[in-house]
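K.L.:
Fold the following for me, if possible:
(chains A and B)
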There are 2 protein chains.
Amino acid sequence: MLTYSFEGIKPEPLYLHLYKCIKNDILDGILTPGTRLPSKRSFAKNLCVSSITVENAYEQLKAEGYIYSVPKKGFYVTKILQSVHKTKDGQTEKIIKNHVSCSNADTGCCCDIDLVSNRIHPDNFPFSIWAKLMREVISEKSSALMEKPPCGGIMELRSAISAHLKQFRNMEAEPEQIITGAGTEYLYTLIIQLLGYDKVYAVEDPGYKKVAQIYRSNNVACEYIPVDNSGIIIEELEKHHADVAHISPSHHYPTGVVTPVSRRYEILGWASRKKGRYIIEDDYDSEFRLAGRPVPTLQSIDVMEHVIYINTFTKSLAPTIRISYMVLPKKLLERFYGKLSFYSCTVSNFEQYTLARFIKEGYFEKHINRMRNYYRNVRNKLMKEIKNSRLADISTISEESSGLHFLLKIQTELSDTEYIERCRKNKINVSCLSQYYNKDSGSTMDIQHTIIINYSGIKPEDAGRTAALLCSSLDSR
Amino acid sequence: MLTYSFEGIKPEPLYLHLYKCIKNDILDGILTPGTRLPSKRSFAKNLCVSSITVENAYEQLKAEGYIYSVPKKGFYVTKILQSVHKTKDGQTEKIIKNHVSCSNADTGCCCDIDLVSNRIHPDNFPFSIWAKLMREVISEKSSALMEKPPCGGIMELRSAISAHLKQFRNMEAEPEQIITGAGTEYLYTLIIQLLGYDKVYAVEDPGYKKVAQIYRSNNVACEYIPVDNSGIIIEELEKHHADVAHISPSHHYPTGVVTPVSRRYEILGWASRKKGRYIIEDDYDSEFRLAGRPVPTLQSIDVMEHVIYINTFTKSLAPTIRISYMVLPKKLLERFYGKLSFYSCTVSNFEQYTLARFIKEGYFEKHINRMRNYYRNVRNKLMKEIKNSRLADISTISEESSGLHFLLKIQTELSDTEYIERCRKNKINVSCLSQYYNKDSGSTMDIQHTIIINYSGIKPEDAGRTAALLCSSLDSR
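P.N.:
Numbering: from 1, shown residues only, chains lettered A, B, ... in the order given. I've put the predicted structure just below:
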């Protein structure tokens, strides 16, 4: 009869030890398929354990399929296809390592000054208010917190956003038109599922690389459309047979272009000329217009319901709280709820309720006002330092009135790649306008030597050092 | 702050335009009685008009009685009998209403007893520990909280999950192989982008409807593959030319089938027979096996790296905290990081750090143990009540040892639809096995009159009432 030792075993239940012993013998081929295992009673007697121990071990083996039982006969070893052993391979380790170092470079972790990433300095996040509201929500809303929210998010948050949009952007949006999600990137993929995989999606050139990457990764046709100094060019939209135009008329990234009302109506006109055309209005940093009058959103002047408005709390609150939202035109609601409401909302209830309070109780408005002053101060200091440096004579600044970046065009013999590389050596992370152009579009505009100064992550006291590093990176070492 | 646009306004004085904007908002009820209007100076600054413009507008409104002033405080909106009410258009209302009522039905909000949804009773969520850890994270980690996480999530959380998987599932998974996301639904869409839109995805029949819905909504081929009493049928996978098999071998929903080891090896064999085949192992409620030890995962016996393992904190913590994860085989890492690492992580840093602590400090293990006892108690009570009711003679219970549901086969003349409808009238929300079958697959098995008892959302004291309602719903009224 089978015999296993229970001497000096690990402090684990006996049945578990027995289970493992038998399992190993099956896997090692010592107990071959079809072998009948000893009866529980005799096996127990032989091993000097209780029948219960054997029974538990057998039940576990049976549950996992190593053995099977034949009524009134007993337990038999199952026939199992076996394969080779697990190995770690060195190559994979390398991939992981490579990736990890890349992702650090991307977020600029290794740099002192980061003029690329969208960051919020920890001093600027309202931690104590957020913690207070989160605490309130947890103590007052325990039941609601456990309730599955509608696919578009909890109504409190959507109502708060609706009121906010009315007040700040003069937009009419019923809470039901507002769909929240864990980041705009996620919302883009919902829009593709809503509008269709057969559509041609148009993105701005230059523009955020990520937008085109997402469309391509989601297997839909994506065309680059040139932008002039009023925004996206309508004729090019037509030429490329675009169905959906993904644009940021309030503040184009990275050129800073604000699309004037005349072009806005032209874009709406484009959308209404053919059935199935839509505009995705990406209003990512409209809260931080630092000068000039507010420009009405496309959504607010769109009477034909062709505009899907998208915004995020990435810039206005923090990029690491993943809450974004879109406003669907009413005529798309039936399609959205019919096709996509089976999806669960991707934002945690805890943060939805906290953010709803944050907005409703006026903290969001205060925060934005504070941040607007803060950023105005950073921008002014930075521009002053640049003007006081030797960059003054060899550079021009443009588009500084909206959003959280401006452009700095420098006279230099260095290529953009060389300049970026030198900056990196000086521990300052910068990007250039030319990097945001699609290589194939063959733009004839003079886009070289234009640095994008995204100052969302730097502090006023860093202004001097930033200007100095931008200067010294021009010199060879 | 209030914002109005001055773009493209009629040739009229600015103050008059502003006056009209505010008046309309008061009449429309957007500015409610008692609301304090912004101070003249800050309002003027925000709108980029002179203070005189705002002052003139306010004086006009005051003269007409729309607002009143309180010395040294400011201007407030008067209470006016409103005649003009904004009307939402009727059709949209209907769509929204329909949707809202559907979603209530889906989540069972209108029912007293819900045996369909995955819910966590608020009493069972560790609110005070969660709040404590969140507070700690906010006070200790402010800097890290504002730092953009890698696309797969913060390393602390991925390390904690890795250790958990080793300890509880005997799985080897480097933190870099673990990718977190806001729900498994989101992760499925990442997997499609990773493995390809040209692949045929196979789902279990019966099974969660949502899985197939997601594949179809993402525009990929999706085939229903029948399940027998050992799990998915290999020959059918071959017959349907499946490339990717999406299965839940640990505890199939809704049949409860646990795939034995022999079939597991056969599935792995299927995957290795042709290049590009993968298995998605959906291990959604493995933590709640109520008897015996957990069955080893496919991932842990997969030496050829064909398995993508997916799990979620939906059942083990709460469905309203949106954190799920997948474990990629090492050979897919290069492809994943190369193709998809541009995506931002969809889970908030705040909750990632909190969950990491929750796991690392042992709370998660305690919570699971507590919940396992709790659910065992609910299940036992419920089964006892059923056995003590008149259901005893006309029903059989099956597959009660794993996960948080069991099947109750009832002898009745009622169709499944009739029974569900009667239950609904009795305010008990149930679903039937037959609902989880794809209509086109033409299964010949006897699947009628089998109720799925998902007891994750009911309390022990509800057991008696639940059994009574299940009984009384059999009677006509």
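K.L.:
residue contacts, residue A:225?
P.N.:
Contact analysis of residue A:225 by CB atoms under 8 Å, 6 or more residues apart in numbering or on different chains lists A:202-205, A:232-233, A:236-237, A:240, A:242, A:245. Glycine gets a C-beta too; all of them are placed from N, C-alpha and C.
K.L.:
Among these, which are located in strands?
P.N.:
Judged by DSSP state E, the subset of the contacts of residue A:225 located in strands is A:202-205, A:232, A:245.
K.L.:
and of those, the nearest to chain B?
P.N.:
Nearest to chain B among those: residue A:203, at 14.3 Å, using CB to the nearest CB.
K.L.:
Can you report how many residues neighbour the closest one?
P.N.:
For residue A:203, the count of nearby residues is 28 (other CB atoms under 10 Å in any protein chain shown).
K.L.:
quick one: contacts for it?
P.N.:
So residue A:203 contacts A:211-212, A:215, A:222-225, A:246 (CB under 8 Å, 6+ apart).
K.L.:
For the ones in strands among the contacts of residue A:225, give me JSON lines that also has pLDDT.
P.N.:
Converted to JSON lines, the ones in strands among the contacts of residue A:225 look like this (pLDDT from 0 to 100):
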{"residue": "A:202", "pLDDT": "97"}
{"residue": "A:203", "pLDDT": "97"}
{"residue": "A:204", "pLDDT": "96"}
{"residue": "A:205", "pLDDT": "94"}
{"residue": "A:232", "pLDDT": "96"}
{"residue": "A:245", "pLDDT": "98"}
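K.L.:
Which pair in those residues has the greatest spatial separation?
P.N.:
A:205 and A:245 (12.2 Å; CB to CB).
K.L.:
got the buried residues for the helix or strand hosting residue A:20?
P.N.:
Counting by DSSP states H and E, the element that carries residue A:20 is helix A:14-27. By 16 or more other CB atoms under 10 Å in any protein chain shown, the buried positions in helix A:14-27 come out as A:14-23, A:25-26.
K.L.:
Check residue A:299 and give its pLDDT.
P.N.:
Listed pLDDT for residue A:299 reads 95.
K.L.:
Can you pull out the low-pLDDT segments for the stretch 101-250 of chain A?
P.N.:
A:101-110 (pLDDT under 70).
K.L.:
hey, where'd the helices end up in it?
P.N.:
A:127-140, A:142-145, A:155-169, A:184-195, A:209-217, A:234-239 (DSSP state H, counting those that start in this stretch).
K.L.:
And the stretch 251-400 of chain A, by the same measure?
P.N.:
Assigned by DSSP H, counting those that start in this stretch, the stretch 251-400 of chain A shows helices spanning A:261-272, A:298-301, A:333-340, A:349-360, A:363-388.
K.L.:
Would you mark the buried spots in stretch A:49-57?
P.N.:
Neighbour counts over stretch A:49-57 (16+ other CB under 10 Å) mark A:49, A:53-54, A:56-57 as buried.
K.L.:
which of those residues come close to chain B?
P.N.:
The subset of the buried residues of stretch A:49-57 within reach of chain B, by CB under 8 Å from any CB of the partner chain, is residue A:56.
K.L.:
Restricted to helices, list the buried residues of stretch A:49-57.
P.N.:
Under the assignment DSSP state H, the buried residues of stretch A:49-57 contribute A:53-54, A:56-57 to helices.
K.L.:
Can you name the residue of chain A nearest chain B?
P.N.:
residue A:65 (2.1 Å).
K.L.:
Can you say which helix or strand has that residue in it?
P.N.:
Under the assignment here (DSSP H and E), residue A:65 is part of no helix and no strand.
K.L.:
Around the spatially closest residue to it that is not a sequence neighbour, how many other residues sit close by?
P.N.:
The shortest distance from residue A:65 to any residue other than its chain neighbours is 2.1 Å, reached at residue B:260 (CB to CB, 6 or more residues apart in numbering or on different chains). Residue B:260 has 23 neighbours, counted by other CB under 10 Å.
K.L.:
hang on, the earlier thing: could you list which of the buried residues of helix A:14-27 also contact chain B?
P.N.:
Answer for the buried residues of helix A:14-27 near chain B (CB under 8 Å from any CB): A:16, A:19.
K.L.:
Quickly list what residue A:311 is bridged to.
P.N.:
residue A:325 (DSSP bridges).
K.L.:
wait, doesn't it sit right on residue A:324?
P.N.:
Yes: look at residue A:311 against residue A:324 with CB atoms under 8 Å: they come within range, at 6.9 Å.
K.L.:
Which one's more surrounded, the two?
P.N.:
A count of neighbours by other CB under 10 Å puts residue A:311 above the other of residue A:311 and residue A:324, at 28 against 22.
K.L.:
residues from the stretch 251-400 of chain A in reach of chain B?
P.N.:
Residues of the stretch 251-400 of chain A lying close to chain B by CB under 8 Å from any CB are A:261, A:291-296, A:300, A:318-323, A:330, A:333-334, A:337, A:339-351, A:365, A:369.
K.L.:
Report how many residues lie close to the nearest residue to residue A:202 once chain neighbours are set aside.
P.N.:
Using CB to CB, 6+ apart and skipping the chain neighbours, the partner closest in space to residue A:202 is residue A:242 (3.6 Å). A count of nearby residues for residue A:242, using other CB under 10 Å, gives 23.
K.L.:
do the same with residue A:360
P.N.:
15.
K.L.:
what's the residue nearest to it when sequence neighbours are not counted in contact with, if anything?
P.N.:
In this structure, residue A:360 finds its nearest non-sequential neighbour in residue A:160, 4.9 Å apart by CB to CB, 6+ apart. Residue A:160 makes contact with A:355-356, A:359-360, according to CB under 8 Å, 6+ apart.
K.L.:
top of those residues by neighbour count?
P.N.:
Each of the contacts of residue A:160 was scored for neighbours by other CB under 10 Å, and residue A:355 scores highest at 28 neighbours.
K.L.:
Grab the nearest non-local neighbour of the residue positioned nearest the centre of chain A.
P.N.:
Residue closest to the average C-alpha location in chain A (CA atoms, centre = their mean): residue A:183, at 4.8 Å. Once flanking residues are discounted, residue A:183 sits nearest to residue A:322: 4.9 Å by CB to CB, 6+ apart.
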